[in-house]
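Asks: Based on what follows, work out the 3D shape:
(one chain, ligands or ions: 1)
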Amino acid sequence: MPGLTIGDTVPNLELDSTHGKIRIHDYVGNGYVILFSHPGDFTPVCTTELAAMANYAKEFEKRGVKLLGISCDDVQSHKEWTKDIEAYKPGSKVTYPIMADPDRSAIKQLNMVDPDEKDAEGQLPSRTLHIVGPDKKVKLSFLYPSCTGRNMDEVVRAVDSLLTAAKHKVATPANWNPGECVVIAPGVSDDEAKKMFPQGFETADLPSKKGYLRFTKV
Ligand code: BEZ
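Replies: The predicted structure is shown next:
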C-alpha cells in the first residue's frame, strides 16, 4: 500500500512528546523540520543515532531546520532513555522533542513502519526520516531498516541541497557539497538560464549534443 511520500502533506497529528503536546503543522511553522523515527528506546543503534542527532543539532539550527523525533515508546521511557543518550556522548544534550506513539497509529500515517520488526504489541517503526518544508509537504525521505544507522553528514548535505535548490531554482548533482557547481533544471531553456544566471553557465559537451547538463555557481 502506498504511504506518505515526497510531495504529500504530512498529517497534522497531535502527539505527546518530551516537550509536551506537539501538533506537527504548528511545529513546522514557516520553516523546515526533520521528522525522524527510531525502532525503540534503549536499543543500541538508536542510542548512537539520537546522540548523533544531538551532536548535529547546531548544524541544523544554523540552517533554520528543527528536529522532531518519534517512536512508539511512551514519553516517560523517552525521558529515561535520554539520560543514556547524553551519557553515551558526554557533552551532548537532546534538546529536540521526541514524540510518543504508544498505539502505533501515527507511525502508520507517517509511513514509518518496519514490516520486519515486531514486538508483543505489533510492528515497530523503521528508521524513517522525512524533511518537511514550510508548506508542510514532504520534500525528501530516507528509509532505513533497524540494522542500519543513518549518516548525519548525508542528512546535512540533503538539507543543504534542498535549501539551495529552493532558493536558486537549481538542482544539485551527485555527491554535491555546498560551494560546488549546481546544475540548471531541464525545464529551463538556455535563454531563460542566461537571465536567471547572469554569472554564466557551462554546458557539458556530451555525445548526444542535447546540451542538458549545464553547470553554474550560486
Ligand atoms: C537498534 O537500535 O539497535 C535496533 C533496534 C531494533 C532492532 C534492531 C536494532
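Asks: And what about the residue nearest to the spatial centre of the chain, helix, strand or coil?
Replies: Centroid check for the chain by Cα atoms, centre = their mean gives residue 131 as the closest residue, at 3.5 Å. Three-state assignment for residue 131 (DSSP: H, G, I helix; E, B strand; the rest coil): strand.
Asks: I figured it hits residue 138, correct?
Replies: Yes. The pair residue 131 / residue 138 is scored as a contact, 7.3 Å apart, by Cβ atoms under 8 Å. Where you see a C-beta, it was placed from the backbone N, CA and C, and this is true even at glycine.
Asks: What's the separation between residue 47 and residue 213?
Replies: Distance, residue 47 to residue 213, by Cβ to Cβ, to the nearest Å: 43 Å.
Asks: which one of the two has more residues nearby?
Replies: More crowded of residue 47 and residue 213, by other Cβ atoms under 10 Å: residue 47, with 19 against 15.
Asks: Tell me if that one really is in a strand.
Replies: No. Judged by three-state DSSP, residue 47 forms no part of a strand; its state is helix.
Asks: what sits against it?
Replies: 81, 84-85, 88 (Cβ atoms under 8 Å, 6 or more residues apart in numbering).
Asks: Repeat that for residue 16.
Replies: Residue 16 makes contacts with 22, 74-75, 99-100, as judged by Cβ under 8 Å, 6+ apart.
Asks: which of the residues you listed count as buried?
Replies: 22, 75, 99-100 (16 or more other Cβ atoms under 10 Å).
Asks: among those, which are in helices?
Replies: Applying DSSP state H to the buried ones among the contacts of residue 16, the entries found in helices are residue 75.
Asks: Looks like residue 107 contacts residue 101 (just checking).
Replies: Yes. Counting by Cβ under 8 Å, residue 107 touches residue 101, with 5.4 Å between them.
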